[in-house]
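K.L.:
kindly return the folded structure for what I paste below:
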Amino acid sequence: MSNKSVTITARVSPALSKKLARFAKLTGHTKSYAVERLIREHIDYETWFIREVRKGIESANRGELIPHEEAMQRIRDHIAARKREKRKAA
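P.N.:
Numbers count the residues shown, from 1 in each chain. Predicted structure coming up:
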């Protein structure tokens, strides 16, 4: 974590504030540190996810679709491959 920081303000529900306080206490850090850690650990994934969803929507709008059965077969193939990998690793 950088020594330099900026202050941001966010409104959260009382319930979320309590969860944050419990998380901070559990980890032995301040709420500010907990907020920075949680944002740092999740923002890249959330940004990637939104971009991928938008790319999918743009593809669909261009008519670049996969038939349902083909999509389901791809999913089944992926699951089967992962199961084989786990068996090999065991």
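K.L.:
state the distance from Val35 to Glu58.
P.N.:
Val35 sits at a distance of 33 Å from Glu58 (criterion: C-beta to C-beta, to the nearest Å). C-beta coordinates here come from the backbone N, C-alpha and C atoms, glycine included.
K.L.:
neighbour count: those two, which is higher?
P.N.:
Taking other C-beta atoms under 10 Å, Val35 and Glu58 do not tie; Val35 has more neighbours (17 against 10).
K.L.:
mean confidence score for the helix ranked longest in the chain?
P.N.:
Among the elements of the chain assigned as helix by DSSP state H, the one spanning the most residues is helix 31-61. Mean pLDDT, helix 31-61: 96.
K.L.:
beyond that helix, next helix or strand please.
P.N.:
Remark: after helix 31-61, the chain's next helix or strand is helix 68-89, criterion DSSP states H and E.
K.L.:
residues contacting that next one, please?
P.N.:
Residues outside helix 68-89 that contact it (C-beta atoms under 8 Å, 6 or more residues apart in numbering): Ile66.
K.L.:
can I get that helix in PDB? Just the C-alpha atoms.
P.N.:
Provided in PDB are the C-alpha atoms of helix 68-89 (Å, rounded to 0.1, in the frame of the first residue of the first chain):
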ATOM      1  CA  HIS A  68     -28.300 -22.800 -27.100                       C
ATOM      2  CA  GLU A  69     -27.400 -26.500 -27.700                       C
ATOM      3  CA  GLU A  70     -23.900 -25.500 -28.800                       C
ATOM      4  CA  ALA A  71     -23.400 -23.400 -25.700                       C
ATOM      5  CA  MET A  72     -24.700 -26.200 -23.500                       C
ATOM      6  CA  GLN A  73     -22.300 -28.600 -25.100                       C
ATOM      7  CA  ARG A  74     -19.400 -26.300 -24.600                       C
ATOM      8  CA  ILE A  75     -20.300 -26.100 -20.900                       C
ATOM      9  CA  ARG A  76     -20.600 -29.900 -20.600                       C
ATOM     10  CA  ASP A  77     -17.200 -30.300 -22.300                       C
ATOM     11  CA  HIS A  78     -15.600 -27.800 -20.000                       C
ATOM     12  CA  ILE A  79     -17.100 -29.500 -16.900                       C
ATOM     13  CA  ALA A  80     -15.900 -32.900 -18.100                       C
ATOM     14  CA  ALA A  81     -12.400 -31.500 -18.800                       C
ATOM     15  CA  ARG A  82     -12.200 -30.000 -15.300                       C
ATOM     16  CA  LYS A  83     -13.300 -33.300 -13.700                       C
ATOM     17  CA  ARG A  84     -10.600 -35.200 -15.700                       C
ATOM     18  CA  GLU A  85      -8.000 -32.600 -14.500                       C
ATOM     19  CA  LYS A  86      -9.000 -33.100 -10.900                       C
ATOM     20  CA  ARG A  87      -8.800 -36.900 -11.200                       C
ATOM     21  CA  LYS A  88      -5.300 -36.700 -12.600                       C
ATOM     22  CA  ALA A  89      -4.300 -34.300  -9.900                       C
END
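K.L.:
cheers, nothing more for now.
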